[in-house]
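Enquirer: here's my sequence, what's the structure:
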Amino acid sequence: MKTGILLLLIVLLLPLFLLAVFVIALYNRLVTLRNRFKNAYAQIEVQLKRRYDLIPNLVETVKGYLKHERETLERVITARNAAASANQRAAANPGDAGAMRELVAAESSLGGVLGRLFALAEAYPDLKANQNMLSLQEELASTENKVAFARQAFNDAVMVYNTARETFPSNLVAGAFNFTAAELFVVEKPEEREAPKVSFT
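Expert: Numbering: from 1, shown residues only. Predicted coordinates:
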C-alpha cells in the first residue's frame, strides 16, 4: 500500500516539479536578456559621456572666433547639459521607455545645435585650421562612430529581449514577474541617422 501511495505522489508531484523547473529556466533567460541590454546601454553611456566631455572644449575653442555668436554657444551648452541629464536618467533604467524617449529627443536637439555651430564655424578659415579644433573634430567623429555602433548593439539586445518576453510561453512568465518592454534607441528623423558633420575642409 505504501508503494502505491509513493507512486501516486511521484506521479502527481513530478509534473509540478518539471513545471517549476521550466518556469525558473524561462525567468532566468529573461533576466539574462534584460541584463544584456542594460550592459549594452552602459557602452552607449560611456561614449555619450565622452562626447559630452568634448563639447565644452569645443565651445572654448570656438568662443574666441565666434564672439558675436554667444547665443549659439549658450544653446550648445544648454543642449549638452539636457542630453547629459537625460543620459543619466536612461542609464539608471535603460528599460524605461519614457527615459529613452527623453534621451532621443535631447540627443536630437544637441545634434541640431551642434550642426548650427559647425555651419557657423565654416565661415572662419582660421578656426578651420586651428590644431585644437582639428583634434576635437577627429575625436568627435570617432566618438560619433562609437555611439552608432554601441546604439546598434543596444537595439539588437533590446530586440532579442522584447521578442523573448512577447513569445509564448515566455510571455506568461514575463507578465507574472513584470518584465516590461524595453524601448529602442532610435533616431527618428532621416537627417539625424548620420553622425553630425564635423568636417571643416
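Enquirer: against G112, how distant is M100?
Expert: 19 Å (Cβ to Cβ, to the nearest Å). (Each C-beta comes from the backbone N, C-alpha and C, glycine too.)
Enquirer: which one's more surrounded, those two?
Expert: Neighbour tally, M100 and G112, criterion other Cβ atoms under 10 Å: the higher count belongs to M100, 23 against 16.
Enquirer: OK, contacts around that one?
Expert: Contacts for M100 were tallied using Cβ atoms under 8 Å, 6 or more residues apart in numbering; they are 90, 94, 182-185.
Enquirer: what's around L14, how many residues?
Expert: When neighbours are defined as other Cβ under 10 Å, L14 has 10 of them.
Enquirer: can you pull the contacts of T61?
Expert: Each residue near T61 by Cβ under 8 Å, 6+ apart is listed here: 127, 130, 132-133, 136.
Enquirer: going on from the helix or strand bottoming out on mean pLDDT in the chain, what's the next piece of helix or strand?
Expert: Evaluated with mean pLDDT, DSSP states H and E, the helix-and-strand set of the chain has its lowest mean pLDDT in helix 125-129, which scores a mean of 80. Tracing the chain past helix 125-129, the next element assigned as helix or strand by DSSP states H and E is helix 131-166.
Enquirer: of the contacts of T61, buried ones?
Expert: 127, 130, 133, 136 (16 or more other Cβ atoms under 10 Å).
Enquirer: nearest to E45, of these?
Expert: Using Cβ to Cβ, L136 comes nearest to E45 of the buried ones among the contacts of T61, at 21.0 Å.
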